[in-house]
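**Student:** structure for this input, please:
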Amino acid sequence: MSERLTSAVGVILAAGDGTRFGATIPKQFTKLAGRTVLEYTVDVFEDFYDIDEIIIVTKSEYVNFIRNISESRGWKKLKQIVVGGKNRIESTQAALNAMSSYQPDTKLLIHDAVRPFVTQKILSECLLALDIFPAVDTVVPSADTIVKVSGDLVSDIPDRSMLRRGQTPQGFRLGILQTAYENIIIKQNNRKTFTCDCSVLLAGLPGISIGAVDGSDSNIKITTPIDLFLSEKLIQSGAMGVDEDVDLDLSLLRGKRVVVFGGRCGIGKSICDMAKDYGAEVFSASRSENSVNVSHINTISSFLEDITKYGTCIDIIINTSGVMFRQPFASTPLEQIEEMIATNYLGVINVATAARPYLLQSKGCLINFSSSSYTRGRAFYAVYSSTKAAIVNFSQALAEEWEVDGIKVQCICPERTQTPMRTKNFGDEEPSTLLDPKIVAQKTLQAALLYRSGLIVDVRSR
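**Tutor:** Predicted structure coming up:
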C-alpha cells in the first residue's frame, strides 16, 4: 500500500464515556450554546489552514451521529471516524492503526474533544515546534500550589516554578509515536499506567526530547457540570472569537463588495477605509451621506437595490449604526429612548431582514455591532446597554437559523473605543485608555472572512 502524502493531521479523541460528568450522554456530545462540544472543537481544526485531515475517535454507537453532524456542518477535512477503545491509550492506538499508510514524518496533533476553546494560535505553535522537536506538549503555569499527598497526608510540596499543567493538543511525528506504542503498549501489553500520549513516548523512547508549547487558561477541559456552565460564559464573552495572534490575510477582501451601515465616521469609517485599502469595493450608508436610516427598512432596501441593480452581488454587510444618550433613565426623554431602541435594536433587525436575499445569493456574511456593555446593565445608559445585549442574542440565534443557508452571522463587541459618539457622551479621555478604531476594523474584517459563524468577538486592548 502506498504512503499517503499528508503533512498534518488532527486526531480528536471523542470516545470517553463521561462518568464524572454525570449526564446521560458523553460530555463531548452535550450541547453548549446550541451545539455539541465536539462541534466547537472540530471547527477549530477544520478552519485552521495548516491542518490537512481530521480523524475522530469515538464509540461505535456514535459513529453515525458524528457522520450526520459532519454533513450538516460541512466538514471537508474529516476523513475517518475510528472506533476507539476502553481508555485514552486504546483510543490513540486505534487512531495510529488507522494511519498505518501515512508517512512517518506526518505531523500529528492529538486533542481532547472536550477542550473546545483550543485556539488556532496553539495549533500553529505546536506544528511549528514539531519542526524542532520530535514531540511537543501544550502546557500552562499553575497559579495554585501543587501538593503531593500520600493518603490523607501531605508528603511534598514541589517547586511550582518547575511545574506546568498539561493540556492538549500533544504533537508528534507519527512514526515516533507509533514506535513508542509498539515498544510499550503492544510488546508489554501495558495500558493502565498512562494518562496521556507524551507519557507513553517518554516510557517507550527514554531520553527523547519533548518540547513545551504555551497553552491558554481558557483552553479548559469540560469534565464536570460546572465546566459546562463556565464554558457557556466563555462563549458569551467571546472566547471563541477571532484569534488575535493568527493573522488572517485581509488581501482576501480584494474584489469583494462590502456594505457598511454607519460608515461615515468612527468605527464604520475605519472599516470602510481598511476594506478599500485591501481592494474591496465599499459602499457606505448613513443618514448624512445618502439618507439611509436603519430604523426605516425602506431606506435600507432601496440602498441595497440601487447598488445591485446591474446584477452584482454583495459579499459582506456590516452594521455599525448606533446612538447613545448617557443620562439617568428617569430623566431620559421618551423620544431619546425610542431613538436608541429604533436605531440600536430595530435597526439591526431591519438590516438583517433587508440583507438576507443578497447574502443568500452570495453565501456572504452579516456583521452586527454590540459593545462591551452587553455583559451587564450600566448606570446612566440602561437602554443603550440593554439594546447591545439584545443584539448579541439576536446574532447568535440568527447564526443558527441561517447556517443551513450558508450565511454567516457574526457580532463584534468592542471595548471603549475612540469615536465621536464616545467623546460626545463621556468627554475627552486619555487616548491610551481607548481602543483605536483601526484595531476594531481589522478584527471585524477578519471575522467576515472566517468560515465559522455565530462568533461573539470581544475586541479588547492588549
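
**Student:** pLDDT wise, what is Arg20 at?
**Tutor:** What the model reports as pLDDT for Arg20 is 56.

**Student:** next one: Phe117
**Tutor:** On the pLDDT scale, Phe117 gets 93.

**Student:** surely Ala390 is in contact with Tyr345?
**Tutor:** Yes: when contacts are counted by Cβ atoms under 8 Å, Ala390 is listed as touching Tyr345 (5.2 Å). No exception for glycine: its C-beta is placed from N, CA and C like everyone else's.

**Student:** higher neighbour count, these two?
**Tutor:** Using other Cβ atoms under 10 Å, the more surrounded residue of Ala390 and Tyr345 is Tyr345, with 20 against 17.

**Student:** A helix includes the more buried one, no?
**Tutor:** Yes: Tyr345: assigned to a helix according to DSSP: H, G, I helix; E, B strand; the rest coil.

**Student:** how about the helices in the stretch 51-200 of the chain?
**Tutor:** 63-73, 88-98, 120-129, 174-181, 187-188, 197-204 (DSSP state H, counting those that start in this stretch).

**Student:** now those in a markdown table, with distance to Val440 and mean pLDDT?
**Tutor:** Listed next are the helices of the stretch 51-200 of the chain as a markdown table, based on distance: least, Cβ to Cβ, whole Å; pLDDT from 0 to 100:
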| stretch | distance to Val440 | mean pLDDT |
| --- | --- | --- |
| helix 63-73 | 29 | 94 |
| helix 88-98 | 41 | 95 |
| helix 120-129 | 20 | 95 |
| helix 174-181 | 42 | 96 |
| helix 187-188 | 56 | 68 |
| helix 197-204 | 40 | 94 |
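
**Student:** go through those and name the closest to Asp405.
**Tutor:** Asp405 lies closest to helix 63-73 among the helices of the stretch 51-200 of the chain, at 12.6 Å (Cβ to Cβ).

**Student:** what's the spacing between that closest one and its chain's center?
**Tutor:** Here helix 63-73 is found 20 Å from its chain centre; the criterion is Cα atoms, centre = their mean, to the nearest Å.

**Student:** what is the burial count for Ile456?
**Tutor:** Ile456 has 25 neighbours, counted by other Cβ under 10 Å.

**Student:** what about it, distance to Pro414?
**Tutor:** Taking Cβ to Cβ, to the nearest Å as the measure, Ile456 falls 12 Å from Pro414.

**Student:** and Ala129, by the same measure?
**Tutor:** 33 Å.

**Student:** which of the two has more residues huddled nearby?
**Tutor:** Under the criterion of other Cβ under 10 Å, the comparison of Ala129 against Pro414 puts Pro414 first, with 25 against 19.

**Student:** I'd assumed Leu435 was in contact with that one.
**Tutor:** Yes: Pro414 is in contact with Leu435 according to Cβ under 8 Å; the separation is 5.8 Å.

**Student:** intersection of neighbour lists for those two?
**Tutor:** Common contacts of Pro414 and Leu435 (Cβ atoms under 8 Å, 6 or more residues apart in numbering): Val459.

**Student:** Ser301 belongs to a helix, doesn't it?
**Tutor:** Yes: counting by three-state DSSP, Ser301 falls inside a helix.

**Student:** name the nearest residue to it, sequence neighbours excluded.
**Tutor:** With Cβ to Cβ, 6 or more residues apart in numbering as the criterion, Ser301 has its nearest non-adjacent residue at 4.7 Å, and that residue is Ala354.

**Student:** and that neighbour, what's its pLDDT?
**Tutor:** Ala354 is assigned a pLDDT of 98 by the prediction.

**Student:** what's near enough to touch it?
**Tutor:** Taking Cβ under 8 Å, 6+ apart, one finds Ile297, Ile300, Ser301, Leu304 in contact with Ala354.

**Student:** only alpha carbons, please: show stretch 8-20 as CSV.
**Tutor:** C-alpha atoms of stretch 8-20 as CSV (Å, rounded to 0.1, in the frame of the first residue of the first chain):
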residue,chain,number,x,y,z
ALA,A,8,-0.6,17.5,9.3
VAL,A,9,-3.4,15.5,10.8
GLY,A,10,-5.6,16.4,13.8
VAL,A,11,-6.9,13.4,15.8
ILE,A,12,-9.8,14.3,18.0
LEU,A,13,-10.4,11.8,20.9
ALA,A,14,-14.1,11.6,21.5
ALA,A,15,-14.6,8.1,22.9
GLY,A,16,-14.9,9.0,26.6
ASP,A,17,-18.0,7.9,28.5
GLY,A,18,-18.1,11.0,30.7
THR,A,19,-18.6,9.1,34.0
ARG,A,20,-17.5,12.2,36.0
